[in-house]
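# Need a 3D model of the following:
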Amino acid sequence: MPATTAPARAGLPPPGPGPGALRACMSRFATGVTVVTFADDGRPRGATMNSFTSVSTDPPLVLVSVARRARCHDLLPGRPFCVNILGAEQEPLARLFAGSGAHAEPRWAPGARVPRLDNPLAWVECEPWRSYDGGDHTLVLGRVTDLGHRDGDALTYAWSRFGTATESADGIEHLI
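The predicted structure is shown next:
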């Protein structure tokens, strides 16, 4: 059923859809799944986030969108962080860091400058760059300082469920 919007009132922007309608619509957009990690009082912390994107290659910047209601909201901005892009086999870690009561024991990469999960599909280590108001979220930009990746299938999220994107034998890295 297509969504409808009420007609615009004279001189005012049209009203937007409600939060439930927006969530339902956006759930059709398949994303990867990340755990963003950082240090707090010398301890590794993390939160599952799927709102993550590359922003710029010069300088190298990425963005994560942190819900204001998230426990890490006031801790993450201004700190070095690592975006851990999860492999399909790491769904238990996604659930653990989302606070869904999953029973998984995170393993941490030894010698990492910023807390990083051991063996994610890819990881992007960042220094804080800027933070911006994003309504009920804060947009946190990080300048990429280091990164790495491995082969494997990716953990995805669409229709409010986890899924898998299978690694293709023919990637596009040579085109980039």
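# which helices and strands sit right next to the helix or strand containing Val36?
Here Val36, judged by DSSP states H and E, is contained in strand 34-40. Counting contacts by 3 or more Cβ pairs under 8 Å, 6 or more residues apart in numbering; DSSP states H and E, strand 34-40 packs against strand 43-49, strand 60-67, strand 81-85, helix 91-97. All C-beta atoms are positioned from the backbone trio N, CA, C, and that covers glycine.
# What pairs with that strand, parallel or antiparallel?
The pairing partners recorded for strand 34-40 under DSSP bridges are strand 43-49 (antiparallel), strand 81-85 (antiparallel).
# The residue lying closest to Val83 once chain neighbours are set aside: neighbour count?
Leaving aside its sequence neighbours, Val83 sits nearest to Val124 (Cβ to Cβ, 6 or more residues apart in numbering; 4.4 Å). The local packing of Val124 (other Cβ atoms under 10 Å) involves 25 other residues.
# you'd agree Val124 is up against Arg143?
No - the pair Val124 / Arg143 is not scored as a contact, 10.4 Å apart, by Cβ atoms under 8 Å.
# Averaging pLDDT per element, find the lowest-scoring helix or strand in this structure.
helix 19-26 (a mean of 80; mean pLDDT, DSSP states H and E).
# what comes up buried for that helix?
Using 16 or more other Cβ atoms under 10 Å as the burial criterion, none of the residues of helix 19-26 qualify.
# which helices and strands sit right next to that helix?
Using 3+ Cβ pairs under 8 Å, 6+ apart, helix 19-26 sits against no helix or strand.
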